[in-house]
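Student: Show me how the following folds:
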Amino acid sequence: MRILITGICGFAGSTLARKLLQERDGLSICGIDNLSRAGSETNLAPLRALGCDVTIADLTDPSVLDAQPAADWLIDAAANPSVLAGTAGYSSAKDLLEVNLFSTVPMLEYCRRHQAVFTLLSTSRVYSINALRAIPLTVKDDSYQPGLASPWCEGIPEGFSTAAPVSLYGASKLCAETLALEYGSAFDFPVWINRCGVLAGAGQFGKADQGIFSFWIHRWAARAPLKYIGFGGNGWQARDCLHPGDLPPLLFKQFDAGSPKDRVQTLNLSGGASSATSLRQLSNWCTERLGPHLPAESPEDRAFDLPWVVLDSSLAQSVWGWKPQTSKTEIFEEITAHARSNPGWLQLCGA
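Tutor: Below is the predicted model of the structure:
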């Protein structure tokens, strides 16, 4: 089986490449990356040493995929993953759409030509900002969370509102999802949409607006400045976390299923409510593990910030028998070990 991974040198793409090779024999993995993310170049040599055929190129050029030989499966892990992307100071809206949406078209054309399976790694940020903000929350154990009687206490399901606004980033991914499903239906090739919670683990190029768990632990270990932003500056805002190394068992099941007809094509994948962690809780963990450090408090709210985003991935468990295997503590320990072994990581990845 030949697998093409776009964004292969990123955190998610490189982790998937390694885990896929570990879990199934007879795979041939190729990939494309433009190395635009600071730190992604560190994955190039290790991936090639594993036998991955990595092409350095920009997917916004349609001819790049035209030159690729046929593959059985294309996994799209290439994206600008920042919720602030496309806004002032964080690249232009045009650049964001070219990377996250327009470059999806050549990928789908590639899958149409070769009848390849298409898997899109999407995001929890496709869900409506206003609907998420409308969820009643309480504060318990230094964290926002829905009440026990809330319909969202286990997280938000796939049917939750995706009405605008979702941010330009969220809109780019939501449009890419729709486009992929329409292509698969029109040209009869399998399409799978996997909306991931916050990905986290060792080697992530953590920044505050995309890899918050890695960012926070690395900066804590380095005693670099940290700040609770918005929501009164209390650090109660909470997210779930997911190790991308937990994805391959499900991805293989989706690939092996062949046609997605009569199957759920869009799934939430996350660590769920048990992995939900606020910044204040993460600080408490870091204090015990790494010693004291004092984040500053900045109470002003920002446009795209949300107090609580946790995905319910119970559908993936009931339909596919999938659930995450790596606990949040294991993820935090893995990041901590990486931070201690790589004291210059923040500078390397521009964080």
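Student: where's residue 326 relative to residue 185, distance?
Tutor: Applying Cβ to Cβ, to the nearest Å, the value for residue 326 to residue 185 is 34 Å. (Each C-beta comes from the backbone N, C-alpha and C, glycine too.)
Student: Is residue 32 in a helix, a strand, or coil?
Tutor: Look at residue 32: counting by DSSP: H, G, I helix; E, B strand; the rest coil, its state is strand.
Student: Quick check: bridge partners of it?
Tutor: With DSSP bridges as the criterion, residue 32 is bridged to residue 6, residue 55.
Student: How far away from the center of its chain is stretch 126-141?
Tutor: Relative to its parent chain, stretch 126-141 has a centroid offset of 20 Å by Cα atoms, centre = their mean, to the nearest Å.
Student: Just the buried positions in the helix or strand hosting residue 315, please.
Tutor: Per DSSP states H and E: residue 315 is located in helix 314-320. Within helix 314-320, the residues scored as buried using 16 or more other Cβ atoms under 10 Å are 315-316, 320.
Student: Now distance to residue 198 and pLDDT too, for the residues you listed, in a markdown table please.
Tutor: Compiled in a markdown table, the buried residues of helix 314-320 are given as follows (distance: Cβ to Cβ, whole Å; pLDDT from 0 to 100):
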| residue | distance to residue 198 | pLDDT |
| --- | --- | --- |
| 315 | 19 | 97 |
| 316 | 16 | 98 |
| 320 | 21 | 96 |
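Student: Dump those to a markdown table, plus distance to residue 20.
Tutor: Below are the buried residues of helix 314-320 laid out as a markdown table (distance: Cβ to Cβ, whole Å):
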| residue | distance to residue 20 |
| --- | --- |
| 315 | 23 |
| 316 | 18 |
| 320 | 17 |
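Student: thinking again about what came up before, which one of residue 326 and residue 185 is surrounded by more residues?
Tutor: Just comparing residue 326 and residue 185: by other Cβ atoms under 10 Å the higher neighbour count belongs to residue 326, 18 against 13.
Student: what's the distance between the more buried one and residue 244?
Tutor: Distance from residue 326 to residue 244, by Cβ to Cβ: 10 Å.
Student: Need the overlap of contacts for the two.
Tutor: Counting by Cβ atoms under 8 Å, 6 or more residues apart in numbering, the shared contacts of residue 326 and residue 244 are residue 201.
Student: Listing request: residues of the stretch 51-200 of the chain with sub-threshold pLDDT.
Tutor: 88-90 (pLDDT under 70).
Student: rerun that using 90 as the cut-off
Tutor: Judged by pLDDT under 90, the stretch 51-200 of the chain has its weakly predicted residues at 62, 80-91, 147-148.
Student: Spell out the residue ranges of the helices in it.
Tutor: Secondary structure of the stretch 51-200 of the chain (DSSP state H, counting those that start in this stretch): helices at 63-66, 93-97, 104-114, 129-133, 167-187.
Student: In TSV, list the ones you listed along with distance to residue 269.
Tutor: Formatted as TSV, these follow (distance: least, Cβ to Cβ, whole Å):
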stretch	distance to residue 269
helix 63-66	26
helix 93-97	23
helix 104-114	19
helix 129-133	18
helix 167-187	14
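Student: and of these, who's closest to residue 280?
Tutor: In terms of Cβ to Cβ, the element of those nearest to residue 280 is helix 129-133, at 19.5 Å.
Student: can you pull the contacts of the closest residue in space to residue 113 that isn't next to it in sequence?
Tutor: Of all residues not flanking residue 113 in the chain, residue 70 sits nearest, at 7.9 Å (Cβ to Cβ, 6 or more residues apart in numbering). Contacts for residue 70 (Cβ under 8 Å, 6+ apart) come out as 2, 113-114, 116.
Student: Could you work out the most separated pair of those residues?
Tutor: 2 and 113, at 14.1 Å, using Cβ to Cβ across those.
Student: These two: who's more crowded?
Tutor: Each of residue 2 and residue 113 has its neighbours counted (other Cβ under 10 Å); residue 2 has more, 17 against 13.
Student: Which one, of the helices of the stretch 51-200 of the chain, ends up nearest to residue 338?
Tutor: Among these, the nearest to residue 338 by Cβ to Cβ is helix 167-187 (25.9 Å).
Student: Tell me the helices and strands packed up against the closest one.
Tutor: Contacts defined by 3 or more Cβ pairs under 8 Å, 6 or more residues apart in numbering; DSSP states H and E place helix 167-187 against helix 93-97, helix 104-114, strand 117-123, strand 191-196.
Student: let's go with 10 Å and repeat that
Tutor: In this structure, helix 167-187 makes packing contacts with helix 93-97, helix 104-114, strand 117-123, strand 191-196, strand 266-269, judged by 3 or more Cβ pairs under 10 Å, 6 or more residues apart in numbering; DSSP states H and E.
Student: Pipe these into TSV and attach distance to residue 79 per row.
Tutor: Listed next are the helices and strands packed on helix 167-187 as TSV, based on distance: least, Cβ to Cβ, whole Å:
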stretch	distance to residue 79
helix 93-97	9
helix 104-114	10
strand 117-123	8
strand 191-196	11
strand 266-269	15
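Student: Ranking the ones you listed by mean neighbour count, which comes first?
Tutor: Comparing the helices and strands packed on helix 167-187 on average neighbours per residue, with mean count of other Cβ atoms under 10 Å, the densest one is strand 117-123 at a mean of 25.
Student: Tell me how far that strand lies from the chain's centre.
Tutor: Here strand 117-123 shows a centroid-to-chain-centroid distance of 11 Å under the convention Cα atoms, centre = their mean.
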